[in-house]
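Trainee: Below is the sequence, then the predicted model.
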Amino acid sequence: PKSSRVFSDLTEIDLLTDGFPTRILKYNAITPNVERRWHCCFLTERKFFVHGGWNAGGPLDDILCLDFDTMNWQKINLAGNSPRPRRWHSLVHFGLGQYLIFGGYDGDPKNPFGDTHIIDLIRGEWIAPSIKGQSPHPRYRHQFLRLSDKEFLLLGGTC
């Protein structure tokens, strides 16, 4: 059956043990809007970051962080202009503390995003880079992959 329930649980899966056992990780503190779908995540230095997505309140533009040492969630505030709220976007690591966001949309499938933003955790800011040459077409539900320090692959998507 189709479900519209949005989850906030974090499940660990042990791929090295027969049967792939799972366990639900318990939080000590939780912040609003952890429950979401269609978001992007990344892990760095025992911290789990979540960006964007969608929940009952609509599209999200926040960054939340779960510290695995304390099991506490907190909202991350960065200087600069954050991108518009979005879901079904891509996020890829590309430099020391830097993560590149591309595309997505805010719920209007006729108006996908083609913008690029950088989360810079070292400087604590959003960066809107200027793209030289032709930018990729706006899209959502695509895949973005880092090949090397200078090369990325963007594949597929919907517009």
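Mentor: Cool, got the structure.

Trainee: what about the residue nearest to Ala128 when sequence neighbours are not counted, helix or strand, and which?
Mentor: Nearest non-adjacent residue to Ala128, counting by CB to CB, 6 or more residues apart in numbering: His117, 5.8 Å away. Where C-beta positions appear, they are placed from N, C-alpha and C, glycine not excepted. Using DSSP states H and E, His117 sits in strand 116-120.

Trainee: Repeat that for Glu12.
Mentor: Using DSSP H and E, the element containing Glu12 is strand 10-13.

Trainee: What ranges does this protein have for its helices?
Mentor: Applying DSSP state H to the chain gives no helices.

Trainee: Where does pLDDT dip in it?
Mentor: Residue ranges of the chain with pLDDT under 70: 1-3.

Trainee: same thing but at 80, please
Mentor: Applying pLDDT under 80 to the chain flags the ranges 1-4, 29-30.

Trainee: Just want the most central residue of it.
Mentor: Cys40 (2.2 Å; CA atoms, centre = their mean).

Trainee: how close does that residue sit to Asp14?
Mentor: Per CB to CB, to the nearest Å, Cys40 is found 24 Å from Asp14.

Trainee: show me where the protein has strands.
Mentor: 10-13, 22-25, 40-44, 47-55, 58-67, 72-76, 90-95, 98-102, 116-120, 125-127, 143-146, 152-155 (DSSP state E).

Trainee: mind putting the ones you listed in CSV, distance to Asp108 included?
Mentor: Below are these laid out as CSV (distance: least, CB to CB, whole Å):
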stretch, distance to Asp108
strand 10-13, 30
strand 22-25, 35
strand 40-44, 19
strand 47-55, 13
strand 58-67, 10
strand 72-76, 26
strand 90-95, 18
strand 98-102, 18
strand 116-120, 19
strand 125-127, 23
strand 143-146, 21
strand 152-155, 21
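
Trainee: how about these, which one is nearest Pro136?
Mentor: strand 152-155 (5.4 Å; CB to CB).

Trainee: Quickly run through the sheet partners of the closest one, with directions.
Mentor: strand 143-146 (antiparallel) (DSSP bridges).

Trainee: Which positions in the partner strand come out as buried?
Mentor: For strand 143-146, a neighbour-count test (16 or more other CB atoms under 10 Å) marks Phe144 as buried.
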